[in-house]
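Asks: got a structure for you, letters missing:
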């Protein structure tokens, strides 16, 4: 019995030692994301995870200010030689909309550069708040350039990035040259992409190498003068206006000229691109829903025509079948799914690429 | 003052009367879905909203039995002349996975026939339990043939369909001829399509006019003998095996022959189609994840080759780049998003259509 006891004790000791060693081998060291580099941001502001300094622009509508605290389009870039990457993060809210995944709403989405292209690596799936989660494991040795997208529809309160103990993690320069501001609705903010990196400005940024600033405002992209003034105050190389989906047809007629002319006044030479609203698939059978979108697009185009006739230069308009003709490109009849977004990009991306080329951006 | 009071009283009365009239005009009459027609079901069973009678096949693994109570692939068909359609439904669970929308997990998805094609009409967004929600409103007059998909990842406890008072709703014959059983994993069950009608068998059914029976089992499509026996007991015109993603490479080698041979024994003439696993985008950088899928596909193909060499006829194998080469076709690295599913269909659907044609199905 005694010998047996000693054997058991020894076995337990060896097991404990092995467990501890394994645990040490898998130990993560966390770095606050604020020590790294952020991309997708209009300008540096005190609130690291907000899109806009809403304390400064405090006359904007309340709904707009709240949405600008969502981290849509923001991403952290860094380099590391770790074989795995994890994250520990918290967001403000517990709720999420039933037309989106938890991952896109309050999760993380990691890309790593390979052969000069950004390649999907893994997601941070939100669970608790804060969540600690592995994003990618078992990677080959060597330095990786990483691009980590933040949640599209929640406010990030804290974010730390974990790498293997003994490896390094460091800030890196933004991989994006130039800056293009896009202003619009929930569709632009990213509803209903499946994960943060699938929002359409994020996809364009990776392909075109340009920093697209996502100013999508769920249900609130309505061209209010206070918001227009804030946007026109951002220094950018081009401005894209995807804001037909939210205002009523009448509001479009009332507000589009002020939006375009204010940007033009502050930035006399830059290209401004207007995009018509996608067709809402709710309008396949709902006659009223169909009429609203038709009215929005009719009026947005009429404003474009008026502005051009009034001599506004370097103004462009994208129209056409943006989400395909099979009616399968939405999650809920209103917001594109990843298939709808892919079709949008097939129209928008080459158009935008041509503009950027034409203006040397 | 007195006259003014009477006027006010009259105005209030008129307003109340108008409100009541409007409210009556919008009153819905609800019909229990069990009085209508169900499609997507392997065979008629006592449990209306379950896919399989798990009381009968009670030796199947517990996880499999639980998943067969999810209503994946089940849909209600009916006709109505109502100008709007709503639903009142309840599901078993409160939870939902963070890689799916609430709509796909526990919601509803309505298609209506137009010019001989099924066209998306609207979704039922889950809120409370039970939820009462409008699916489509403001439709033109006339009879509509409707196809209402149930939630993919929850068990429906009750479902009533609401139409405008004074309109009719009635059962209709299944619009699908023939029956094809598909057995597989979470991907087949529909993770991570954006809504129930975007699961890939549902999309094929609408395009090919065939009733595809969704036997997708999240994480549990592992070809256990008890499950194989149940599947082989279903009368169908073809069998599709999309079950490489869940079993280990070793389990694939152990179990594939029994699966194929048991179906073949019960159904000597029908075509059997095997599909390789999609590449998991987690494997872009995670070497171990990449190796698992490579092993699954290597072994599944080896079993196919052995079966063909052993003289099994009418056996087919689909392989190739199923979700595209840009690595953007998944929600979480594991499950296709609607873009990934669309790409899968571009390979699978023509292959299956050819088989159906060849066998006169």
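Replies: Received it, and whenever you're ready, just let me know what you need. For clarity, every value in this text was computed on a predicted model and none was experimentally measured.

Asks: Local confidence estimate at the residue most central in space within chain A?
Replies: For chain A, residue A:73 is the residue whose C-alpha lies nearest the centre (CA atoms, centre = their mean; 2.5 Å). According to the prediction, residue A:73 has pLDDT 98.

Asks: can you check the one 10 residues further on too?
Replies: Residue-level confidence at residue A:83 comes out at 98, pLDDT.

Asks: same check, this time on residue A:7
Replies: 49.

Asks: ditto for residue A:95
Replies: Here, the pLDDT recorded for residue A:95 equals 77.

Asks: for residue A:329, same thing?
Replies: Reported pLDDT at residue A:329 in the predicted model: 98.

Asks: Now it: closest residue in space, sequence neighbours ignored.
Replies: Leaving aside its chain neighbours, residue A:329 sits nearest to residue A:340 (2.9 Å; criterion: CB to CB, 6 or more residues apart in numbering or on different chains). The C-beta positions use only the backbone N, C-alpha and C, and glycine is treated the same way.

Asks: residues touching that neighbour, list them.
Replies: Listed by CB atoms under 8 Å, 6 or more residues apart in numbering or on different chains, the contact partners of residue A:340 are A:278, A:323, A:324, A:328, A:329, A:330, B:338.

Asks: Secondary structure element holding it?
Replies: helix A:338-358 (DSSP states H and E).

Asks: Rounded mean pLDDT for that helix, please.
Replies: pLDDT averaged over helix A:338-358 gives 98.

Asks: picking that back up, doesn't the residue nearest to the centre of chain A belong to a helix?
Replies: No: counting by DSSP: H, G, I helix; E, B strand; the rest coil, residue A:73 is not found in a helix; it is coil.

Asks: Might you report the residue contacts of it?
Replies: Shown in contact with residue A:73 (CB under 8 Å, 6+ apart): A:40, A:51, A:152, A:199, A:201, A:202, A:212, A:213, A:214, A:215, A:216.

Asks: same thing but 7 Å
Replies: A:40, A:51, A:199, A:201, A:202, A:213, A:214 (CB atoms under 7 Å, 6 or more residues apart in numbering or on different chains).

Asks: Among those, which lie within helices?
Replies: Judged by DSSP state H, the contacts of residue A:73 include A:201, A:202 as members of helices.

Asks: TSV for the contacts of residue A:73, including neighbour count, pLDDT and distance to chain B?
Replies: Formatted as TSV, these follow (neighbours: other CB atoms under 10 Å in any protein chain shown; pLDDT from 0 to 100; distance: CB to the nearest CB, whole Å):
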residue	neighbour count	pLDDT	distance to chain B
A:40	26	98	18
A:51	25	98	23
A:199	27	98	12
A:201	29	98	14
A:202	28	98	11
A:213	26	98	21
A:214	27	98	18
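
Asks: Widest-spaced pair of the contacts of residue A:73?
Replies: Using CB to CB, the contacts of residue A:73 span at most 13.5 Å, a distance reached by A:51 and A:202.

Asks: rewinding a little: how about the helix holding residue A:340: buried residues?
Replies: Within helix A:338-358, the residues scored as buried using 16 or more other CB atoms under 10 Å in any protein chain shown are A:338-345, A:347-348, A:351-352, A:355-356.

Asks: Repeat that for stretch A:50-70.
Replies: For stretch A:50-70, by 16+ other CB under 10 Å, it's A:50-54, A:57, A:60, A:64-70.

Asks: Got the phi and psi for whatever residue of the stretch 151-300 of chain A ends up closest to chain B?
Replies: Distance from chain B to each residue of the stretch 151-300 of chain A (CB to the nearest CB) is smallest for residue A:194, at 3.8 Å. Main-chain dihedrals, residue A:194, degrees, to the nearest 10: phi -80, psi -20.

Asks: Neighbours of it, how many?
Replies: Residues near residue A:194, counting by other CB atoms under 10 Å in any protein chain shown, number 34.

Asks: Report the distance from the helix holding residue A:340 to the chain centre.
Replies: Computed by CA atoms, centre = their mean, to the nearest Å, the chain-centroid distance of helix A:338-358 equals 16 Å.

Asks: Repeat that for stretch A:196-204.
Replies: 6 Å.

Asks: How about stretch A:66-83?
Replies: With CA atoms, centre = their mean, you get 9 Å for stretch A:66-83.

Asks: and the stretch 51-200 of chain A, which of its residues are near chain B?
Replies: A:98-103, A:107, A:112, A:119-123, A:125-126, A:136-140, A:192, A:194-195, A:198 (CB under 7 Å from any CB of the partner chain).

Asks: returning to that earlier point: just the buried residues of stretch A:50-70: which are in helices?
Replies: Using DSSP H, these in helices are A:64, A:65, A:66, A:67.

Asks: Chain A - how does it break down into domains?
Replies: The record's domain split for chain A, according to automatic domain parsing, is A:28-66+A:74-171, A:177-358.

Asks: end to end, how far does the shortest one reach?
Replies: With CA to CA, to the nearest Å applied, domain A:28-66+A:74-171 spans 18 Å between its terminal residues.

Asks: what separates it from the chain centre, distance-wise?
Replies: 11 Å.

Asks: so is the closest residue in space to residue A:125 that isn't next to it in sequence in a helix, a strand, or just coil?
Replies: Closest residue in space to residue A:125, ignoring its immediate chain neighbours: residue B:98 at 5.0 Å, by CB to CB, 6+ apart. Secondary structure assignment for residue B:98 (three-state DSSP): coil.

Asks: Could you measure from residue B:98 over to residue B:333?
Replies: Relative to residue B:333, residue B:98 is positioned 13 Å away (CB to CB, to the nearest Å).

Asks: can you give me the helices in chain A?
Replies: A:2-25, A:62-67, A:102-106, A:186-189, A:200-208, A:225-232, A:249-266, A:287-309, A:338-358.

Asks: what's the weakest-modelled helix or strand in chain A?
Replies: Ranked by mean pLDDT, DSSP states H and E, the helix or strand of chain A with the weakest confidence is helix A:2-25, at a mean of 44.

Asks: how close does residue A:86 get to chain B?
Replies: Residue A:86 sits 13 Å away from chain B when distances are taken as CB to the nearest CB, to the nearest Å.

Asks: Just list whatever residues bridge to that residue.
Replies: Beta-bridge pairing for residue A:86 (DSSP bridges): residue A:134, residue A:162.

Asks: sorry, back to before: who has more neighbours out of residue B:98 and residue B:333?
Replies: residue B:333 (24 against 21).

Asks: give the contact list for residue A:85.
Replies: By CB under 7 Å, 6+ apart, the residues touching residue A:85 are A:110, A:135, A:136, A:146, A:161, A:162, A:163.

Asks: from those residues, which is closest to residue B:270?
Replies: residue A:136 (42.4 Å).

Asks: show me what contacts that closest one?
Replies: Contacts of residue A:136 by CB under 7 Å, 6+ apart are A:84, A:85, A:110, A:121, A:122, B:285, B:286.

Asks: all strands of the stretch 101-250 of chain A, in order?
Replies: Listed in chain order, the strands of the stretch 101-250 of chain A (DSSP state E, counting those that start in this stretch) span A:108-114, A:117-124, A:131-136, A:144-149, A:156-164, A:169-171, A:177-184, A:210-216, A:238-242.
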